[in-house]
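> show me the folded form of this:
(one chain, ligands or ions: 1)
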Amino acid sequence: MALSFNPRLVRGVSRCHAIVTAKMALAASCRDFSAAEKSTVIVNLNDNTGVATIQLNRPPVNSLNLQLLTDIKIALDKLQMKKDCRGMILTSSSPGIFCAGLDFMEMHNPQEGRAREFWRSLQEVWKMLYGSRLATIAAINGHSPAGGCLLSLTCDYRVMAQGKFMIGLNETLLGMVAPFWFQDTMTNTIGHREAEKALQLGLLYSGENALNVGLIDELVPPEKVMQTAQVQMQTWLKIPDLARRLTKEQMRGPTLQKFVQRQNEDVDQIMKFIMDSATQRSLGIYLNTLKHKQLTSV
Ligand SMILES: CCCCC/C=C\C/C=C\C=C\CC(=O)SCCNC(=O)CCNC(=O)[C@H](O)C(C)(C)COP(=O)(O)OP(=O)(O)OC[C@H]1O[C@@H](n2cnc3c(N)ncnc32)[C@H](O)[C@@H]1OP(=O)(O)O
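Now for the predicted structure:
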């Protein structure tokens, strides 16, 4: 079978797979909790407020490869073990791009063993974030398609930057089906009817339309995204932790339980799907449309 390769993506491989060294500039009251010296996330915990920030730091587009997923997981593990950490803001170190979703290089003609590990890591990160004891806010400072949208949907609140940025689960545009837990996370946020349209049509929303359907909670000028997230975090942290956390557990519990029951089956289904030649053909076609910039938002 002839596969369609996108030269720009192929060129991007070395860059995408290069390890990004995080440069830490820490304020006096902040502690560095980054996963390792060479990490694809920058993590700070403010001791005064108990609020941590995780910045996705994998230029140019924070596409989620195995390393970035692993670093997010390590960072979250560390933060959740800190008793004094009560809230977490998830954002990007590259204004203009929150996260471009899964790294195509993990999906395009993968080795099965690596692909399984990758998918399990994505599942783990979703489960940890969706069930986190922390109050979580996504400061969406740029584009957030597919897996990027999913990451933001795991948070308790979403602040997005005004501008030409798009957000949504556009999997069908890639000839893919968003897994049931992507769908559930979306449905829990915007309701069944809107999610049906969004998921079937692979809608990428503008900030204004995302706000209208409830996909995001606030739309603010780009330079105000972090500040707005921090102010909003104070509202969440005014609530006694235990009451807020138990309420979150009760609200999200059924979705998480369903996920745990079907987690292994989900991996098998994804592997069958991704190793199929028709899937790889559709993916190749999509990579070409990406090259020619045909993505548009509603
Ligand atoms: C292995 C098992 C997995 C199996 C999964 C199978 C089934 C599950 C079902 C579906 C799940 C899907 C979830 C996903 O997340 S799929 C990813 C979907 N993402 C997108 O569609 C976004 C694509 N990117 C864009 O639209 C634009 O890049 C973006 C708007 C984000 C930014 O635009 P901008 O103009 O600023 O930048 P570009 O010039 O386009 O990009 C810069 C550079 O980065 C490369 N790149 C972009 N996105 C990705 C990506 N997701 N993965 C890898 N690389 C990416 C792009 O090609 C450019 O490279 P270069 O030209 O500079 O080399």
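
> ok, now which ones touch the closest residue to the ligand within the stretch 101-250 of the chain?
Nearest residue of the stretch 101-250 of the chain to the ligand: G101, at 2.5 Å (Cβ to the nearest ligand atom). (C-beta placed from N, C-alpha, C; glycine too.) G101 is in contact with S63, L64, P145, A146, G147, G148, C149, L150, counting by Cβ atoms under 8 Å, 6 or more residues apart in numbering.

> most neighbours out of those residues, which is it?
In terms of neighbours by other Cβ atoms under 10 Å, the contacts of G101 top out with C149 at 33 neighbours.

> which ones among the contacts of G101 are found in strands?
P145 (DSSP state E).

> within reach of the ligand, which of the contacts of G101 are there?
S63, P145, A146, G147 (Cβ under 6 Å from any ligand atom).

> got CSV for the residues you listed, with pLDDT and distance to D241 too?
Formatted as CSV, the ones next to the ligand among the contacts of G101 follow (pLDDT from 0 to 100; distance: Cβ to Cβ, whole Å):
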residue, pLDDT, distance to D241
S63, 98, 34
P145, 98, 33
A146, 98, 32
G147, 98, 29
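
> could you dump those residues to JSON lines with distance to T247?
JSON lines is the format used below for those (distance: Cβ to Cβ, whole Å):
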{"residue": "S63", "distance to T247": "34"}
{"residue": "P145", "distance to T247": "30"}
{"residue": "A146", "distance to T247": "29"}
{"residue": "G147", "distance to T247": "27"}
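
> out of the residues you listed, flag the one nearest to D77.
When the ones next to the ligand among the contacts of G101 are compared for distance to D77 (Cβ to Cβ), G147 wins out at 20.0 Å.

> phi first, then psi, for N65.
phi -100, psi -180 (degrees, to the nearest 10).

> what's the answer for A146, then?
A146 adopts backbone torsions of phi 50, psi -120, taken as degrees, to the nearest 10.

> does it touch L173 like I think?
No - counting by Cβ atoms under 8 Å, A146 sits too far from L173 to count as a contact (9.0 Å).

> got the residues of the protein near the ligand?
Going by Cβ under 6 Å from any ligand atom, the residues of the chain near the ligand are 8-9, 11-12, 16, 60-61, 63, 97, 100-107, 110, 115, 118-119, 143, 145-147, 170-171, 174, 176, 178-179, 270, 273-274, 290, 295.

> hmm, F104 is touching V61, no?
No - with contact defined as Cβ under 8 Å, F104 does not count as touching V61 (10.3 Å).

> and the buried ones among the residues of the chain next to the ligand, selectable in ChimeraX?
Here is the ChimeraX command that selects the buried residues among these (16 or more other Cβ atoms under 10 Å):
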select :9,12,16,61,63,97,100,101,102,103,104,105,106,107,110,115,118,119,143,145,146,147,170,171,174,176,178,179,270,274,290
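
> so which of the residues of the chain next to the ligand are in strands?
Per DSSP E, the subset of those in strands is I97, H143, P145.

> point out where the stretch 1-150 of the chain drops to low pLDDT.
Low-confidence segments of the stretch 1-150 of the chain, defined by pLDDT under 70, are located at 1-37.

> please read the previous query as pertaining to the stretch 151-298 of the chain.
In the stretch 151-298 of the chain (pLDDT under 70), the answer is 292-295.

> partners of the nearest residue to I140 once chain neighbours are set aside in the sheet?
Distances taken as Cβ to Cβ, 6 or more residues apart in numbering place M160 nearest to I140, at 4.2 Å, with adjacent residues excluded. Under DSSP bridges, the beta-bridge partners of M160 are I140, L219.

> where's M160 relative to H143, distance?
Distance from M160 to H143, counting by Cβ to Cβ, to the nearest Å: 10 Å.

> anything in contact with each of these two?
With Cβ under 8 Å, 6+ apart as the test, M160 and H143 both reach I167.
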